[in-house]
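Q: how would this look folded up:
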Amino acid sequence: MASNSIVSLLKAYYVPLILFFLAIVFQLFVIPTSYPPSHYDVLGIKRYSSVEEVEEAYEKLSSQWKSGVDDSITNDFIKIQYAFELLTNPIWKRDYDMFGIDEQLHVLEKFKGQDEERFLKVELPLLETYSSDNADHPSNVLSNENFQSTIGHSVAWLVQVYSSGSKRSAQFSNNWKRIVNLLDGVGRTGMVELGEVQLAAYLAERKPTGQPFFRQGLPSLVAFPPACRSADCVVRYHGDLSVDAVTDWFSTDILGLPRILYYSKEILGQKFIASSGHHKVKVISFSRTGERAPPFLRQAARDYWAYASFAFVLWKEEESSFWWDTFEVESAPAIVFMKDPGVKPVVVHGTFNNSSFLDIMERNKQQDLPQLRSLTSLELGCDSRGYSRAGKETTTWYCVILAGRHSPELGKMRETIRRIQDVLLNEWGPTAKPAAVALKEKRLTFTWLDGEAQKKYCFFYINSESSYETCGPRRDLSDVPEMVIVRYKRNFTQEERKVEKKPKSIWDAFEEDNDDLASQLVAKYNGSGDIPQIIDWVSQIIEDGDSRDLPFFRTKTPELIPEDADPIWSRGAQSVVSTSKGMKQRIRNIMTNIYDWMGDPRIGPILLLGASLSFGSIWFHRNQSSKASQSSETTQSSEPSMEDKPRPNRRARRKATSNKDRASSITDNEPKDAYQLLSSGSDSE
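A: Coordinates of the predicted model:
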């Protein structure tokens, strides 16, 4: 019976017992590890004591140790000396008091388990001092005054929180200089010293007790995405402090820039060159280090994605002869621009920054013979909705279009057109003067059209019985490239009328915006592939178009179809993060919050209070239930049982039932010993 009662008690009070056990474990084991004795405790003084109080306590303890009054103090000599050196350095004391930063704890670990004789031979001071000069940093140092006016615009920011007395911050200085240079033109950088206490506390994380701290110590990197103006949207870096890791994190997670993959020589041709599209320039970067692409190169890959495709190759000395034979690359670093088929690649050796690379990229983003595409038609001046490359004041300009499907025949004609451009730019005869002058004045453009991808546009200009040999999907083995020249002429009189005429409705305004600015006249070339003959034909068309007042003929040109869909990284940094990555981030944040709450000293008292309340509540309910059971047993023993009670007859039960539904009145209840008084005239007499 005793064992059953103990088991029942345990079952009844298991919740407060568990809470009490957790409170004891938390107070005895978790709190001591989360809050070890401070350096002030080692010196026997209260926390946040002044430097003078620290020196006074140290003198007192050191005098006892030197005089031999207290032999036990010799075992704590290293701790006392460490606390003294740390707390008498103003910068270290500030970092320790405000943010709990103590970077040199490894010194204490080094002397654990050593005998007293070794302690006597310890060289003082124990701690090394480090200083960081703000003038050495290439980035601007942020203060409370300029922080609000600087952060939060359309540009992303990477901020380093550091201390001038931090060893790790001093060691990170060179890496930070490289990071700043690599982020130039992509994002802004800044630095915050812990002396800016208010700003540093704003950028720090918070414990449940409200204490600011830096989880990874110093230096701490905090990123502000574009348009982020509060601490709620900042992103903290928790990885390795190498240049490659930091720049890759900032480029990918903050800016949403695409990654540029590495290719070996075995797969470069098949996986990159052949699959990146005929209309794009191939940009191949050679690297000796194998580091990921710098941010400015990744931003260029995003900005020029419609013009070029990017790849990386790791340079190996044993493969140098192969790269020389293929691209004439002598060494790394180098960048190769592959343009038209059969054209010698452009190779640029050396290192680049953002501005120098953009200059090179702008010069080489187009193929030598540019392709007529939806993206380039206005830029090339081959669109009746736009203007000539020479400017808006030009009245007449021309566009030579070579159309055809991808084939050896089209490749040969593209090479022929490129040679014609070179002849007109360098050496030309008298008959070629109109074409040469027009090309120099940017009134003449040579381009080529993918007849298979742009079949409607191709059929519009090459309208003949043999158009299927040039335009649309390939039906047979014959591929015949065709060449046309389009004369564009602007009608200034009609444009002035258009400006003076006010649209009556929104639909009229929409139609006017889509109107062509220039008329088009098309001439098809039917001659041979001889270069002088083509030049004479182009020159004759230009001479006639400039001198003769041809009729103003306007027609609607089919729209060019975009060759590429929008890439995923064009949607912005927020959409780049996948669902799985976002879930991992949320799980990590939850685990981090749980870990932080485990160090809250209020948890133990809360658990103990919960155990007490739970114990009292259970005891009260059990006591009330026992009293109720005892009173019910007493009542049952005083009342007769069902067998002893007389059963009412059927008539009495019926009467009682009928009385239940009767309305109450003063005559319902008969007084005790009452009787009916009979009158003298009663029948009973």
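Q: the strands in the stretch 301-450 of the chain, which residues?
A: Using DSSP state E, counting those that start in this stretch, the strands of the stretch 301-450 of the chain run over 308-314, 334-338, 346-349, 396-404, 444-450.
Q: What helices and strands are in contact with the first one?
A: Secondary-structure packing of strand 308-314 (3 or more C-beta pairs under 8 Å, 6 or more residues apart in numbering; DSSP states H and E): strand 281-287, helix 295-303. From N, CA and C alone the C-beta is placed, and that goes for glycine too.
Q: do you know which of the ones you listed lies nearest residue 313?
A: strand 281-287 (5.1 Å; C-beta to C-beta).
Q: what comes into contact with the closest one?
A: 260, 268, 272-273, 276, 293, 297, 307-315, 323, 327, 329, 332-339, 361, 364-367 (C-beta atoms under 8 Å, 6 or more residues apart in numbering).
Q: tilt between it and strand 334-338?
A: Strand 281-287 runs at 160 degrees relative to strand 334-338, counting by axes from the mean of the first three to the mean of the last three C-alpha atoms, to 10 degrees.
Q: 20 is where my numbering starts, stick with that
A: Noted, 20 is the first residue going forward, which turns the last one into strand 300-306.
Q: Just checking: what are the partner strands of strand 300-306?
A: strand 327-333 (parallel), strand 353-357 (antiparallel) (DSSP bridges).
Q: For residue 414, which of the ones you listed is the nearest?
A: Closest to residue 414 of the strands paired with strand 300-306 is strand 327-333 (C-beta to C-beta; 34.2 Å).
Q: Just give the nearest non-adjacent residue to residue 220, would you?
A: Using C-beta to C-beta, 6 or more residues apart in numbering and skipping residues adjacent in sequence, the residue nearest residue 220 is residue 231, 4.4 Å away.
Q: Show the contacting residues for residue 581.
A: Neighbouring residues of residue 581 by C-beta under 8 Å, 6+ apart: 392-394.
Q: Equivalent analysis for residue 471, please.
A: 424-425, 490-493.
Q: secondary structure element for it?
A: Per DSSP states H and E: residue 471 is located in neither a helix nor a strand.
Q: Reformat the contacts of residue 581 as JSON lines; add pLDDT, distance to residue 159 and neighbour count.
A: Formatted as JSON lines, those follow (pLDDT from 0 to 100; distance: C-beta to C-beta, whole Å; neighbours: other C-beta atoms under 10 Å):
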{"residue": "392", "pLDDT": "92", "distance to residue 159": "42", "neighbour count": "23"}
{"residue": "393", "pLDDT": "90", "distance to residue 159": "42", "neighbour count": "16"}
{"residue": "394", "pLDDT": "88", "distance to residue 159": "38", "neighbour count": "15"}
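Q: Tell me the bridge partners for the closest residue to residue 399 other than its chain neighbours.
A: Once flanking residues are discounted, residue 399 sits nearest to residue 464: 5.1 Å by C-beta to C-beta, 6+ apart. Beta-bridge pairing of residue 464 under DSSP bridges involves residue 418.
Q: and residue 464, how far is that from residue 421?
A: Taking C-beta to C-beta, to the nearest Å as the measure, residue 464 falls 12 Å from residue 421.
Q: Ok, residue 637 next?
A: Residue 637 sits 92 Å away from residue 421, going by C-beta to C-beta.
Q: And for residue 176?
A: For residue 176 relative to residue 421 (C-beta to C-beta), the value is 48 Å.
Q: re earlier: who has more neighbours, residue 637 and residue 421?
A: For residue 637 versus residue 421, the count of surrounding residues by other C-beta atoms under 10 Å is larger for residue 421: 23 against 15.
Q: ok, now which ones touch the more buried one?
A: Contacts for residue 421 were tallied using C-beta under 8 Å, 6+ apart; they are 388, 429, 432-433, 436, 465-468, 500-502.
Q: Check those residues and tell me the two furthest apart.
A: Pairwise distances across the contacts of residue 421 (C-beta to C-beta) peak at 15.4 Å, for the pair 388 and 501.
Q: how about the helix ranked longest in the chain: buried residues?
A: The longest helix of the chain (DSSP state H) is helix 622-657. Across helix 622-657, burial judged by 16 or more other C-beta atoms under 10 Å covers 622-623, 626-627, 629-630, 633-634.
Q: Tell me, what's the model's pLDDT at residue 150?
A: Here, the pLDDT recorded for residue 150 equals 66.
Q: Where do the helices of the stretch 270-419 of the chain begin and end?
A: Using DSSP state H, counting those that start in this stretch, the helices of the stretch 270-419 of the chain run over 314-322, 339-346, 373-383, 396-399.
Q: can you pull the buried residues of the last one?
A: Going back to what we said before, that points to helix 396-399. Neighbour-count burial for helix 396-399 [16+ other C-beta under 10 Å]: 396, 399.
Q: Centre of the chain to it, how far?
A: Taking C-alpha atoms, centre = their mean, to the nearest Å, one finds helix 396-399 lying 34 Å from the centre of the chain it belongs to.
Q: again with the second one
A: Helix 339-346 has its C-alpha centroid displaced from the chain centroid by 38 Å (C-alpha atoms, centre = their mean).
Q: Pick out the residue nearest the middle of the chain.
A: residue 272 (2.6 Å; C-alpha atoms, centre = their mean).
Q: excluding its backbone neighbours, what's nearest that one?
A: residue 254 (6.5 Å).
Q: Who is that neighbour paired with across the strands?
A: Residues in beta-bridge contact with residue 254 (DSSP bridges): residue 242.
Q: In this structure it contacts residue 242, no?
A: Yes - using C-beta atoms under 8 Å, residue 254 is in contact with residue 242, at 4.6 Å.
Q: shared neighbours of the two, anything?
A: Common neighbours of residue 254 and residue 242 (C-beta under 8 Å, 6+ apart) are 272-273.
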